[in-house]
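1. Sequence and predicted structure are below.
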Amino acid sequence: MKVTFCEKNKWKDAVITMITETHPNIKISTKKCLGKCHRCKSRPIAMVSKKILVGTDEENLYDIINTKFLIP
């Protein structure tokens, strides 16, 4: 599985750290832009399996990614 972040999203580093600490086998990448600038400026955002996920804060986005895609 691969989790992709916008390189300009100010919350990405915290979420990436949480994922790599708990799931070191997950591939993480950053793209110049995910094409969701209106969301990206105001909230943490990531793309997993071609789905855009938006959290209210870093922990919420991590929880969304974790429960929907990482926990069996």
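-> It's in. Numbering: from 1, shown residues only.
2. contacts and neighbour counts: CA atoms only from here.
-> Will do.
3. For the lengthiest helix in the chain, which residues meet the burial criterion?
-> The longest helix of the chain (DSSP state H) is helix 12-22. Neighbour-count burial for helix 12-22 flags 12, 15-16, 18-19 (criterion: 16 or more other CA atoms under 10 Å).
4. helices or strands up against it?
-> In terms of contacts (3 or more CA pairs under 8 Å, 6 or more residues apart in numbering; DSSP states H and E), helix 12-22 is packed against helix 58-65.
5. Can you identify the element that follows the longest helix of the chain toward the C-terminus?
-> Going down the chain from helix 12-22, the next helix or strand is strand 27-31, by DSSP states H and E.
6. where's that following strand relative to the chain centroid, distance-wise?
-> 9 Å (CA atoms, centre = their mean, to the nearest Å).
7. Report the inter-axis angle for it versus helix 12-22.
-> Calculated by axes from the mean of the first three to the mean of the last three CA atoms, to 10 degrees, strand 27-31 forms an angle of 170 degrees with helix 12-22.
8. Need the three-state assignment for the residue sitting nearest the centre point of the chain.
-> Nearest to the mean C-alpha position of the chain, by CA atoms, centre = their mean, lies Ala46 at 3.3 Å. Three-state call for Ala46 (DSSP: H, G, I helix; E, B strand; the rest coil): strand.
9. which non-adjacent residue is nearest it?
-> Spatial nearest neighbour of Ala46, chain neighbours left out: Phe5 (4.8 Å); criterion: CA to CA, 6 or more residues apart in numbering.
10. List the contacts of the one you found.
-> 12, 28-31, 34, 45-47 (CA atoms under 8 Å, 6 or more residues apart in numbering).
11. quick one: least confident of the residues you listed?
-> The member of these with the lowest pLDDT is Leu34, at 92.
12. how close does it sit to Asn60?
-> Separation of Leu34 from Asn60 (CA to CA, to the nearest Å) stands at 19 Å.
13. Can you pick out the residue with more neighbours from those two?
-> Shown here are Leu34 and Asn60; by other CA atoms under 10 Å, Leu34 has more neighbours (18 against 14).
14. Make sure the residue nearest to Ala46 is indeed in a helix.
-> No - membership of Phe5 in a helix is not supported by three-state DSSP, which gives strand.
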